[in-house]
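**Student:** okay, here's the prediction I keep looking at, along with the sequence it came from:
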Amino acid sequence: MMRFTTLMKHPADWMVGKGVDNAIVLTSRIRLARNLAELPFPGWAKKQQRRDALEILLPAVEGLSVMKKGFSKELDSLTSLQKQVMVERHLISREHAARGEGSAAVIERRQSVGIMLNEEDHLRMQSIRPGLDLRTAYETLSAVDDEVADRVEYAFDPELGYLTTCPTNLGTGMRASAMLHLPALVLSDQIGQVLQAVNKIGLAVRGIFGEGSESLGNLFQISNQSTLGESEQTILERLERVISQVAKHERDAREKLLEDDPDMVCDKIGRAYGLLKHAWIIPSKEALTHLSLLRLGGDLGFFAEEIVSACDTLLMEIQPAHLQMHNGAKLGPEERDTIRAEIVRSRLQTLEAPDISSIEENQEGDDTPDLGIS
Amino acid sequence: MDCDKCGKPAKVHLTQLVGGQVKKIALCNECAGESGVTDPTGFALADMLLGPTSPSAGKGKAPVVSNPVVAGPACPTCGFTLNDLKRVRRFGCGDCYKAFRSEVSQMLRGMHKGTVHSGKVPDGLMEMQQRKMRLEELREKLESAIGSENYEDAAALRDEILGLEGEISGMEGKS
């Protein structure tokens, strides 16, 4: 079985996203909740029953074809830092990290499939893919689900579907979501309207970083709320349709921003570039804000295309547990800000100043004033 | 705003969703501390403080109704009680959904697009379900055949039932 350090050494497949359009929709994720028929759900189970469930599930899941040479650990054998790093990488949930004894995580080598054992439900399986591709993510995970179902007996009711600890997951037990980068909709003040419309159709929207309505880094997650009464296909089709519409709005907003206010766009991206390349102390919020703009710049042709995935890697690496792991020792908040700046600087070392020639080309013949950057 | 418990100036303001209804509570620091409001695991706080029925009980007067410590009906499989369900809005095991059927349908109202599952069914389970339903049907027919002394039909039905039972136990043995 794979070791923790090996797992951490390689970025996840979905993070690299080679050859996939992930400029606006970063990732697609499917989660299925399943439970064993014969044992109480993890939250109500006694310690011994949780162990019993694990004894049934662990061999069943480790033996899956997709988990060959994968990672498998009981959570109480990991340090709290290791668990937190896994949370920051979306490999396990925060709730799962908080559970110790009787819980385990089994992760596919390339981190595209992960299974949490004894989370809120006996099984929480996820599949992640780069770009907008919920259907493939579902098909992958559904095949894994079939294989598990051959080995264990699921709690299932013909009327209520897959039985889950929380009734909000009943039926398909499926939560499908996509992570979207929407800086232009935020800059042009359209984000509220768009998100409200998405909400109205019964889909949930939340910021990835930050609390409440605040979303740092302009990253949002859109997901289904209803899991009962509609088939997986119906849910996925609607979700994909809505997400591609939001992505199209973002695309249009990017083009319109460049057309209407190129100075503002150049200024924002130029400042983000200067700040990230030269800051010595950078709080998380500031880093997220400017990395978001750098990422936008990569999509608009200001930088080489690779900057997009470099930003995505950095978003993960500048989170507290990752910083601590990088440093090898516990860090105070101020030290964190210094190390964060150091990592950002080193990653962006070879990044050249924004190239705005593409915008100037677009404006040939226009009587817009000189942008003053060369 | 004054504390809902003692009437002193309120410092802690809570908003909680209880059964789809928004309940707002204001407390002073002392009462908040006493009630364990700062404990994030505290469920159904509004119920605990104000009683389950009063959205905002009379000023200064705490509700006199003390909740009797009756756990309510329990799930025969896992012992999870109706009170547990009301407290955590989650279930103890798969059989709880049968034990608390009426509460389930109440909870599901408005929660999802529908109330009946349409979608994936675990492999093999569908066939099994169909066979079991057919078996049920045949048994009823057999009874009425016997009742009407139609022994020829009854014999045929009995053979079919035996065959189906064999199939089902064969399928169950496999999984």
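**Tutor:** That came through, no problem.
**Student:** buried residues in stretch A:215-226, which are they?
**Tutor:** Of the residues in stretch A:215-226, those scored as buried under the neighbour-count criterion (16 or more other Cβ atoms under 10 Å in any protein chain shown) are A:215-224, A:226. Where you see a C-beta, it was placed from the backbone N, CA and C, and this is true even at glycine.
**Student:** low-confidence ranges, chain A, go.
**Tutor:** A:17, A:210-214, A:358-374 (pLDDT under 70).
**Student:** just want the residue of it that's nearest chain B.
**Tutor:** When you check chain A against chain B by Cβ to the nearest Cβ, the closest residue turns out to be A:Gly229, at 1.8 Å.
**Student:** wait, isn't B:Leu135 in contact with B:Glu167?
**Tutor:** No: here B:Leu135 does not reach B:Glu167: they are 9.4 Å apart, not a contact under Cβ atoms under 8 Å.
**Student:** so what pLDDT did B:Leu49 get?
**Tutor:** According to the prediction, B:Leu49 has pLDDT 48.
**Student:** for the helix or strand where A:Glu147 lies, buried residues please.
**Tutor:** Secondary structure assigned from DSSP states H and E places A:Glu147 in helix A:134-151. Buried positions in helix A:134-151, judged by neighbour count with 16+ other Cβ under 10 Å: A:134-135, A:137-138, A:140-142, A:144-145, A:147-149.
**Student:** neighbouring strands for the next helix or strand after that helix, and are they parallel or not?
**Tutor:** On the C-terminal side of helix A:134-151, the nearest following helix or strand under DSSP H and E is strand A:156-157. Strand pairing for strand A:156-157, using DSSP bridges, gives strand A:161-162 (antiparallel).
**Student:** okay, now residue 75: neighbour count?
**Tutor:** Using chain A. For A:Leu75, the neighbour count with other Cβ atoms under 10 Å in any protein chain shown is 24.
**Student:** hmm, I had chain B in mind actually
**Tutor:** Applying other Cβ under 10 Å, we find 23 residues neighbouring B:Cys75.
**Student:** repeat that for the one 5 residues further on.
**Tutor:** By other Cβ under 10 Å, the residues close to B:Phe80 number 23.
**Student:** and A:Leu275, that's in a strand?
**Tutor:** No: going by DSSP: H, G, I helix; E, B strand; the rest coil, the assignment for A:Leu275 is helix, not a strand.
**Student:** who touches it in this structure?
**Tutor:** A:282, A:286, A:290 (Cβ atoms under 8 Å, 6 or more residues apart in numbering or on different chains).
**Student:** let me have those residues in JSON lines, adding neighbour count and distance to chain B as columns.
**Tutor:** Listed next are the contacts of A:Leu275 as JSON lines, based on neighbours: other Cβ atoms under 10 Å in any protein chain shown; distance: Cβ to the nearest Cβ, whole Å:
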{"residue": "A:Ile282", "neighbour count": "23", "distance to chain B": "31"}
{"residue": "A:Glu286", "neighbour count": "18", "distance to chain B": "29"}
{"residue": "A:His290", "neighbour count": "24", "distance to chain B": "33"}
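**Student:** mind checking which of those are in helices?
**Tutor:** In helices, defined here by DSSP state H, the members of those are A:286, A:290.
**Student:** can I see the domain layout of chain B?
**Tutor:** Structural domains of chain B, as assigned by automatic domain parsing, span the residue ranges B:1-65, B:67-119, B:125-174.
**Student:** mean pLDDT for the ones you listed: which is lowest?
**Tutor:** Looking across the domains of chain B, the weakest by mean pLDDT turns out to be domain B:1-65, at a mean of 54.
**Student:** within reach of chain B, which of the buried residues of stretch A:215-226 are there?
**Tutor:** With the criterion set as Cβ under 8 Å from any Cβ of the partner chain, the members of the buried residues of stretch A:215-226 near chain B are A:Ser226.
**Student:** same list (the buried residues of stretch A:215-226) but as CSV, adding secondary structure.
**Tutor:** Conversion of the buried residues of stretch A:215-226 to CSV gives the following (three-state DSSP):
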residue, secondary structure
A:Ser215, coil
A:Leu216, strand
A:Gly217, strand
A:Asn218, strand
A:Leu219, strand
A:Phe220, strand
A:Gln221, strand
A:Ile222, strand
A:Ser223, strand
A:Asn224, strand
A:Ser226, coil
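**Student:** re earlier: now the angle from the helix holding A:Glu147 to strand A:216-224?
**Tutor:** Computed by axes from the mean of the first three to the mean of the last three Cα atoms, to 10 degrees, the angle separating helix A:134-151 from strand A:216-224 equals 60 degrees.
**Student:** show me what helix A:134-151 packs onto, helices and strands only.
**Tutor:** Under the contact criterion of 3 or more Cβ pairs under 8 Å, 6 or more residues apart in numbering or on different chains; DSSP states H and E, helix A:134-151 touches strand A:25-34, helix A:47-62, strand A:113-117, strand A:123-130, strand A:174-181, helix A:232-260.
**Student:** A:Thr164 is nearest to which of these?
**Tutor:** Ranking the helices and strands packed on helix A:134-151 by distance to A:Thr164, with Cβ to Cβ as the measure, places strand A:25-34 first at 4.8 Å.
**Student:** the closest one and chain B in contact?
**Tutor:** No: between strand A:25-34 and chain B, judged by Cβ under 8 Å from any Cβ, nothing touches; the nearest distance is 9.0 Å.
**Student:** strands paired with that strand, and their directions?
**Tutor:** Sheet pairing of strand A:25-34 (DSSP bridges) gives strand A:123-130 (antiparallel), strand A:174-181 (antiparallel).
**Student:** who's in contact with B:Asn99?
**Tutor:** For the record, residue B:99 is Ala, not Asn. By Cβ under 8 Å, 6+ apart, the residues touching B:Ala99 are B:73-77, B:80.
**Student:** quick one: contacts of whichever strand or helix holds A:Lys73?
**Tutor:** Of the helices and strands defined by DSSP H and E, A:Lys73 is found in strand A:71-74. Residues lying outside strand A:71-74 but in contact with it, judged by Cβ under 8 Å, 6+ apart, are A:1-4, A:6-7, A:54, A:58, A:61-62, A:102-109.
**Student:** can you tell me which of those are in helices?
**Tutor:** Among those, the residues falling in helices (DSSP H) are A:4, A:6-7, A:54, A:58, A:61-62.
**Student:** ok, then the element right after the strand holding A:Lys73?
**Tutor:** Taking DSSP H and E, what comes next after strand A:71-74 is helix A:80-88.
**Student:** pull out the buried residues from the helix or strand following that following helix.
**Tutor:** Using DSSP H and E, the next helix or strand after helix A:80-88 towards the C-terminus is helix A:94-98. By neighbour count, and taking 16+ other Cβ under 10 Å as the criterion, the buried residues in helix A:94-98 are A:96-97.
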